[in-house]
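# just coords:
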């Protein structure tokens, strides 16, 4: 089952149950939103989850492209990506979380053909403010799915204040042995789908009050699910990354972790540029700049002659086509090469500055601030250059 079939199966399943598909095509949040990039499927829907009527009704489904920098240090493992897609469903005051879980189990088992014996669920077990989520527990017990009760792991919130509620996460066993233990005790249980029962609003004093209407918000990682359905161990082995993992290794000899970082960050950069962002020193552009420069730093660690000039346009085009972006592939390539030229110049200037006697000994916070404010050298780059000197 390739990625396109996974998306089609998901969307059609929920459309048959009265959901309307909504747009989830951009990484850029709505105008006025202080967040730099869309980080989850629910993010653009926040006003509707807080009570505003949605023009398409109370049952929604979509595929939302997302970007997260909070997981940047984890990119390169088997499950994390910088840019990824989230399959999502919403009930805006319509059906209960129990029905959402019933549909989720049915789709995984009968729609995607997952062995029900490989499933495990976690459910909110209660705390000093809210009792255990007995309804979700009942659903899983009726279906013979083992359940682990947790506290903090199954309470969802979008920050210290605002909408929140218990959630139930569905995990899939990826081990070579029969399933055992529980999701919090064994990382071979991989989370694939989270169902949030958004029933409360937390106020600044920590108190909880019921929302005007109870909502259900679910999110399922597309690349992660596709990888598991294809029997692969890593998201970098699923069909979305096949061209990258086939064409990049002949260009540059890289260890496995470096190869994954380069492929992820380059692919993510293409998507960001495709959404109209250019590298800069602030805001969204700085996120893009960090991604491209981390690629270059990884490539140049062993061979300074490597260049993004060698990246096949086929890879850029494959990514733009998948995300249905209309930006010209040569424009994307030129943005990447221009950032490479800028970074090369910054490195040359940085080496000259750091070779001065003032900076040859241990640096203080004042030194780092001076280097950043006066010469445009961020701390992580200074550390890298001093290692190379």
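Structure received. Source: prediction; values computed, not measured. Numbering: from 1, shown residues only.

# tell me the average confidence for the longest helix seen in the chain?
Secondary structure assigned by DSSP state H gives helix 329-354 as the longest helix of the chain. The pLDDT scores in helix 329-354 average 94.

# Report the buried residues of it.
For helix 329-354, the neighbour count (16 or more other CB atoms under 10 Å) marks 329, 332-333, 335-336, 339-340, 343, 346-347, 350, 353-354 as buried. Where C-beta positions appear, they are placed from N, C-alpha and C, glycine not excepted.

# what do you get for stretch 135-148?
Judged by neighbour count using 16+ other CB under 10 Å, the buried positions of stretch 135-148 are 136-137, 139-140, 145, 147-148.

# among those, which are in strands?
Among the buried residues of stretch 135-148, the members found in strands (DSSP state E) are 147-148.

# And the buried residues of stretch 135-148, which two are furthest apart?
Across these, the longest distance by CB to CB is 14.5 Å; it joins 139 and 148.

# ok so, going back, switch the buried residues of helix 329-354 over to a markdown table; also include distance to residue 291.
As requested, the buried residues of helix 329-354 are exported to a markdown table (distance: CB to CB, whole Å):
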| residue | distance to residue 291 |
| --- | --- |
| 329 | 18 |
| 332 | 13 |
| 333 | 15 |
| 335 | 12 |
| 336 | 10 |
| 339 | 10 |
| 340 | 13 |
| 343 | 12 |
| 346 | 16 |
| 347 | 17 |
| 350 | 19 |
| 353 | 25 |
| 354 | 24 |
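
# Residue 151 is in contact with residue 132, correct?
No: judged on CB atoms under 8 Å, residue 132 makes no contact with residue 151 at a distance of 9.7 Å.

# and the two? which has more neighbours close in?
Ranked by neighbour count (other CB atoms under 10 Å), residue 132 and residue 151 place residue 132 first, with 16 against 12.

# Now do the more buried one against residue 121, distance only.
According to CB to CB, to the nearest Å, residue 132 stands 13 Å off from residue 121.

# go on, residue 382?
From residue 382 to residue 121 the distance is 47 Å (CB to CB).

# between the two, who's got more neighbours?
Higher neighbour count among residue 382 and residue 121: residue 121, with 25 against 20, using other CB under 10 Å.

# element containing the more buried one?
According to DSSP states H and E, residue 121 maps onto strand 119-124.

# so how far is that strand from its chain's centroid?
Chain-centre distance of strand 119-124: 21 Å, with CA atoms, centre = their mean, to the nearest Å.

# and it, which strands flank it?
Strand 119-124 has these partner strands in its sheet, going by DSSP bridges: strand 147-150 (parallel), strand 162-173 (antiparallel).

# tell me the most buried of those strands?
With neighbours taken as mean count of other CB atoms under 10 Å, the strands paired with strand 119-124 reach their highest mean count in strand 162-173, at a mean of 23.

# Return the distance of it from the chain's centre.
Here the centre of strand 162-173 is set off from its chain's centre by 16 Å, with CA atoms, centre = their mean.

# Skip ahead from that strand and say which helix or strand is next.
Later in the chain than strand 162-173, the nearest helix or strand by DSSP H and E is strand 189-202.

# What mean pLDDT does the following helix or strand past that following strand get?
On the C-terminal side of strand 189-202, the closest following helix or strand by DSSP H and E is strand 208-221. Average pLDDT, strand 208-221: 92.

# Who are the packing partners of strand 208-221?
Counting contacts by 3 or more CB pairs under 8 Å, 6 or more residues apart in numbering; DSSP states H and E, strand 208-221 is packed against strand 83-92, helix 97-106, strand 162-173, strand 189-202.
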